[in-house]
Structures are given as C-alpha cells and as structure tokens.
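Undergrad: no sequence on hand, only this structure:
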C-alpha cells in the first residue's frame, strides 16, 4: 500500500543528547539467517466469470487453492466483484 509522506511536517536535524550513564539500551538480537515467511495479499477485480477463471488458472499453476480465496464480494460497480487471497511467501533474510 502506498502511503504518501507529509509534505509540511517540520524536520529536525538536531539529535538529543543522552548521557550513557543514565540510560541503558539493549539491542534486540539479530533475526536468525535463513528463510522466513511474509504475508502478501492478492486482489482480483472483474466480472464473476473472469474472477473465477483467474482463480482456476492460478490453481492449475499450483499457486493457490480455490478455497483459499474469499467469496466474491460485490464492489458496487455494475457486474463487478472482487476476491481476496492472503498468502504467505518464503523470503531469504
């Protein structure tokens, strides 16, 4: 999702002075190396038949099971529905 930055927000380049004697910071350990899973969301918009055909095509390519998709949801536009799939994909750190 694209989130625009605030254009009129003041920027500060001053860094606060912190005495190391009065505060202690503990760093979190680095994440373990190797693959991890991250969610990704797919949305299909179109006619009911086009959405269903695309779901069948992605199933034939062994990408997603048809039951993993949401039920078709009307969008408010004539003849248009949407279906949503949230999938976890493996990534390397």
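TA: Everything's here; your move. Predicted, not measured: the structure shown is a model, and the values here were computed from it.

Undergrad: what segments of the chain are helices?
TA: 48-60 (DSSP state H).

Undergrad: shaky segments in it?
TA: Scanning the chain for pLDDT under 70 picks out 1-25, 30-32.

Undergrad: the nearest residue to residue 42 once chain neighbours are set aside: how many residues sit nearby?
TA: By the measure of Cβ to Cβ, 6 or more residues apart in numbering, the closest residue to residue 42 outside its immediate chain neighbours is residue 85, 4.4 Å from it. C-beta coordinates here come from the backbone N, C-alpha and C atoms, glycine included. Residue crowding around residue 85 was assessed by other Cβ atoms under 10 Å; the count is 18.

Undergrad: got the contact list for residue 85?
TA: Contacts for residue 85 (Cβ atoms under 8 Å, 6 or more residues apart in numbering) come out as 41, 42, 43, 64, 68, 69, 70.

Undergrad: out of those, who's the most crowded?
TA: Within these, residue 69 tops the neighbour count with 20 neighbours, counted by other Cβ under 10 Å.

Undergrad: and that one, how far is that from residue 85?
TA: Using Cβ to Cβ, to the nearest Å, we find residue 69 at a distance of 5 Å from residue 85.

Undergrad: before we move on, what about residue 71?
TA: 12 Å.

Undergrad: likewise for residue 51?
TA: For residue 51, the distance to residue 85 (Cβ to Cβ) stands at 11 Å.

Undergrad: and the closest residue to residue 90 other than its chain neighbours, what does it touch?
TA: Once flanking residues are discounted, residue 90 sits nearest to residue 35: 4.7 Å by Cβ to Cβ, 6+ apart. Residues in contact with residue 35 (Cβ under 8 Å, 6+ apart) are 90, 91, 92, 93.
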